[in-house]
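>>> Got a predicted structure plus its sequence, pasted below:
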Amino acid sequence: MSYGSISMKTSMSANERLTIQALKDHDKVHPKMSASGATPVKESSRISVSSRRSHTSGEQTSSRSDKNSHPPTKLNYFKFVLATKAWRQQAKDRSIRSEKLSKPVVKYENTYKTEPEDGQLFAPGRVEQMIKETLEHRLKTVKYSSDKSRIIATELTADIKSKVKAMGFPRYKIVCNIIITENKRQGLEVASRCIWNQQTDNFASYTYRNASLIAIANVHGVYFE
């Protein structure tokens, strides 16, 4: 488009020169009509300006038509986020697969241990003290409710079980159960019976009471041969 505009300007300037030269020649022949000589120049200048304006407007319309013919694509933010998450997941899966293929499978031999080592036996005294502290801290200000008791019992069971595992009794299976009932000064008896090894397996029990409820916690530690 730039070359066309340059050629238009050069052609119009040449026309102006010819018009001015013709007027000068006309003034030499007819000096009385020299005052009217500026009129054609103005008309030619108007023609040149209008032609330039039409030329630029043609450039604008052509550029607008090009924009309309090829509208810019809009980026969807949600699709971009989903694509990014999918790409990360694929990269993670590929890294996990490569690690599995690179690392050899480790096969462990049997230890043939039928009893725990010295100092690794289940300790009922330590476990009972931990149960006491946990129940007193959790149930100190709790009032009995039939709806909330099962939730509290589930939370206490998970808490006590995780604390017993943190004490460090390797190869022990930990079983914990808690009973919560209303305190009406009634008689209550809880019994349990197990089949186990008396030399390695053991249990811890504690009963907590307040003015509203009674909680009984039993924790069994069974050695896994």
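That came through fine.

>>> what residues are up against residue 178?
By C-beta atoms under 8 Å, 6 or more residues apart in numbering, the contact set of residue 178 is 153, 156, 157, 160, 215, 216, 217, 218. C-beta coordinates here come from the backbone N, C-alpha and C atoms, glycine included.

>>> isn't there a strand covering it?
Yes: looking at residue 178 with DSSP: H, G, I helix; E, B strand; the rest coil, it is inside a strand.

>>> Look up how far residue 214 lies from it.
With distances defined as C-beta to C-beta, to the nearest Å, the gap from residue 178 to residue 214 amounts to 11 Å.

>>> same deal with residue 122?
Relative to residue 214, and taking C-beta to C-beta, residue 122 is found at 26 Å.

>>> With neighbour numbers in mind, choose between these two.
Taking other C-beta atoms under 10 Å, residue 122 and residue 214 do not tie; residue 122 has more neighbours (22 against 19).

>>> ok, and the closest non-adjacent residue to residue 200?
Nearest residue to residue 200 in three dimensions, chain neighbours excluded: residue 223, at 4.0 Å (C-beta to C-beta, 6 or more residues apart in numbering).

>>> Distance check, the one you found against residue 186.
Residue 223 sits at a distance of 37 Å from residue 186 (criterion: C-beta to C-beta).

>>> So if I had to pick from those two, which one is more boxed in?
The residue with more neighbours, out of residue 223 and residue 186, is residue 223; 22 against 8, by other C-beta under 10 Å.

>>> Hmm, that one is touching residue 174, no?
No: Residue 223 is beyond contact range of residue 174, at 11.0 Å (criterion: C-beta atoms under 8 Å).

>>> about what we covered before: can you redo the contacts of residue 178 as TSV with distance to residue 195, neighbour count and secondary structure?
Formatted as TSV, the contacts of residue 178 follow (distance: C-beta to C-beta, whole Å; neighbours: other C-beta atoms under 10 Å; DSSP: H, G, I helix; E, B strand; the rest coil):
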residue	distance to residue 195	neighbour count	secondary structure
153	25	16	helix
156	26	20	helix
157	22	16	helix
160	23	25	helix
215	27	25	strand
216	22	17	strand
217	22	24	strand
218	16	18	strand
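
>>> I'm done for today, thanks for sticking with me.
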